[in-house]
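[1] Sequence and predicted model, in that order:
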Amino acid sequence: MATVFTWHIANLERETADGFVMTAHYTVTAEDGTYSSGAYGSLGFERPDKLIPYADLTEQMVIGWVKDAFGAEKVAEIEAALQAQLDEQRHPSRQAGMPWQ
C-alpha cells in the first residue's frame with residue numbers, strides 16, 4: 001500500500017484584538033496500512049496586509065499557509081523523513097539480542 005501523508009493543524013495562536021494568527025502548530029503523519037510515523041512542529045507567520053477573519057479560517061487554509069511558508073522542497077523533505085521512518089520500521093537496520101537465546 002502507498003504511504004498516505006496527512007497534515008493537521010493541532011492549534012493556533014492569535015491576537016484577540018483582530019484575529020491575526022501568529023503561530024500554527026501542526027502535525028504530519030505517514031501511514032502505509034501497517035506502519036505509521038509522525039512529526040510535530042510550529043511555524044510563525046508575518047502579519048499580512050489583509051487579514052482573513054479568524055472565524056472564516058479553515059484547517060485546509062492554514063495547512064496551505066504552512067506548506068506555502070515551507071515551500072515544496074521542505075514539505076518533500078519532511079515527508080521523506082517520515083517515509084524513511086516507515087522504511088526503518090519495515091526493514092530494521094539494527095536489532096538487539098543474543099544469538100544463543
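    Received, thanks.

[2] all helices of this protein, in order?
    59-70, 72-90 (DSSP state H).

[3] Now do the contacts for the residue nearest to Asp18 when sequence neighbours are not counted.
    Using Cβ to Cβ, 6 or more residues apart in numbering and skipping the chain neighbours, the partner closest in space to Asp18 is Leu51 (6.1 Å). C-beta here means a position set from N, CA and C on the backbone, and glycine is covered the same way. Residues in contact with Leu51 (Cβ atoms under 8 Å, 6 or more residues apart in numbering) are 18-20.

[4] Is there a quick PyMOL command that grabs whichever of those are buried?
    Remark: buried members of these, expressed as a PyMOL selection using 16 or more other Cβ atoms under 10 Å:
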select buried, resi 20
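
[5] now the contacts of Leu51 as JSON lines including distance to Gln60 and pLDDT?
    Output for the contacts of Leu51, formatted as JSON lines (distance: Cβ to Cβ, whole Å; pLDDT from 0 to 100):
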{"residue": "Asp18", "distance to Gln60": "22", "pLDDT": "95"}
{"residue": "Gly19", "distance to Gln60": "18", "pLDDT": "95"}
{"residue": "Phe20", "distance to Gln60": "19", "pLDDT": "97"}
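
[6] Going by distance to Ala84, which of the contacts of Leu51 wins?
    Phe20 (36.0 Å; Cβ to Cβ).

[7] hang on, that closest one packs against Asp49?
    No. Applying Cβ atoms under 8 Å, one finds Phe20 not in contact with Asp49, separated by 11.6 Å.

[8] got a pLDDT number for the spatially most central residue of the chain?
    What sits nearest the mean C-alpha location of the chain, by Cα atoms, centre = their mean, is Val28, with 3.0 Å. pLDDT for Val28: 98.

[9] distance of it from Ser37?
    9 Å (Cβ to Cβ, to the nearest Å).

[10] can you check Gly19 too?
    34 Å.

[11] Redo the helices of the chain as a markdown table? Include mean neighbour count.
    Output for the helices of the chain, formatted as a markdown table (neighbours: other Cβ atoms under 10 Å):
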| stretch | mean neighbour count |
| --- | --- |
| helix 59-70 | 15 |
| helix 72-90 | 13 |
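
[12] where does the chain dip in pLDDT?
    Counting by pLDDT under 70, the chain contains no low-confidence range.
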